[in-house]
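Colleague: my questions are about this predicted structure, shown below with the sequence.
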Amino acid sequence: MNWNKIYVILENTMAKEWRNRFLIFLFILTVAVILLVNVVMDYIGQIPGILLDATLANKKLYIFYYIINSWNIFLAIIMGVNCVKSDLNEGVYGQILSFPVKRIEYLLSRIFGTSIIVLLYYLLSILLALSVFAFSSEGQVFIDPGLFLSLAPNFILIVTSVTLTVLISLFLPKISALITTFVLVLLISSSNSSYGDLGTEYLFNDLSFFKSVGLMLHFILPHIGIINGMATDIAMGRDLYVSIGWEILHLGLTLGAIFVLLLLALRKRET
């Protein structure tokens, strides 16, 4: 692989996605949510009998964190739909490959460029919330290092969501791909929540049709729900009760399989 080519296309991806109007709308909405959380928490703090200590700013930040974490996945899906599909529809894909650029270089650049944009939005939102809450609460904000350590699993979550969306977008119209991916992510998260903590002796007991579908989603697709839970636990400074080694292995196998399917799907589109 030529890393210089990957870097050039990655830069092009970021430049293209920064012009996305949905990002501007979502940023305005983010500011509104930050202000709303700030006002509501300040109001609650003034109710007689309710004691909110000097770490009020932290409480606001953690509430906002739960909100922004969900938006991260939603934004990754929104941007992932157009990540590659727009290039195919506009004829840009063929022009890029003619440089020449390998399919794998193109895919890595588009997926990681889009994912970095989503991560930067997440980081900017956290820093903005941190500034607003610290200033308005007139108190010191005690930042748990886990808040920034959680960037790693959050980025993995974003990359996974974008990659899955890109694959689905190659086979469905834009709106259908958006809805399908969103529903699929919810189903994956639900199956992870249901079967992630079960021992192997209980996983296959009392198999029904719906349980079989849930187990299939849990085993053959990336553990989006578990990764999201890990990011939240790290941000909140809680202990992790998952097997990191197993999760890394499962992620590598499932995400690798999705990437191979993407390469095959793109090759088929060229013929």
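Modeller: It's in.
Colleague: got a list of what the residue sitting nearest the centre point of the chain touches?
Modeller: Nearest to the centroid of the C-alpha atoms of the chain, with distances taken as CA atoms, centre = their mean, sits I158, at 2.9 Å. With contacts taken as CB atoms under 8 Å, 6 or more residues apart in numbering, I158 has the following neighbours: 72-73, 76, 115, 118-119, 122. (C-beta placed from N, C-alpha, C; glycine too.)
Colleague: let's go with 7 Å and repeat that
Modeller: Residues in contact with I158 (CB atoms under 7 Å, 6 or more residues apart in numbering) are 72, 76, 115, 118-119.
Colleague: show me the shaky parts of the stretch 51-200 of the chain.
Modeller: Under the criterion of pLDDT under 70, the regions of the stretch 51-200 of the chain flagged as low confidence span 51-58, 136-144, 199-200.
Colleague: ranges for the helices of it?
Modeller: 56-83, 85-90, 92-97, 103-137, 146-149, 151-169, 174-195, 200-203 (DSSP state H, counting those that start in this stretch).
Colleague: tell me the most buried of those helices?
Modeller: Here the criterion is mean neighbour count by mean count of other CB atoms under 10 Å, and of these the winner is helix 151-169, at a mean of 23.
Colleague: quick one on the thing from earlier: would you turn the contacts of I158 into JSON lines with distance to R238?
Modeller: Below are the contacts of I158 laid out as JSON lines (distance: CB to CB, whole Å):
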{"residue": "N72", "distance to R238": "19"}
{"residue": "A76", "distance to R238": "24"}
{"residue": "S115", "distance to R238": "25"}
{"residue": "V118", "distance to R238": "24"}
{"residue": "L119", "distance to R238": "22"}
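Colleague: which of the residues you listed sit farthest apart?
Modeller: Taking every pair in the contacts of I158 and measuring CB to CB, the maximum separation is 10.2 Å, between N72 and S115.
Colleague: would you mind measuring from A257 to L263?
Modeller: 11 Å (CB to CB, to the nearest Å).
Colleague: can you check D87 too?
Modeller: If you go by CB to CB, the gap between D87 and L263 works out to 15 Å.
Colleague: with adjacent residues omitted, what lies nearest to L170?
Modeller: In space, and not counting its chain neighbours, L170 is closest to A265: 4.8 Å by CB to CB, 6 or more residues apart in numbering.
Colleague: whatever helix or strand the one you found lives in - contacts with which helices or strands?
Modeller: When elements are assigned from DSSP states H and E, A265 belongs to helix 244-270. Secondary structure elements in contact with helix 244-270, counted by 3 or more CB pairs under 7 Å, 6 or more residues apart in numbering; DSSP states H and E, are helix 103-137, helix 151-169.
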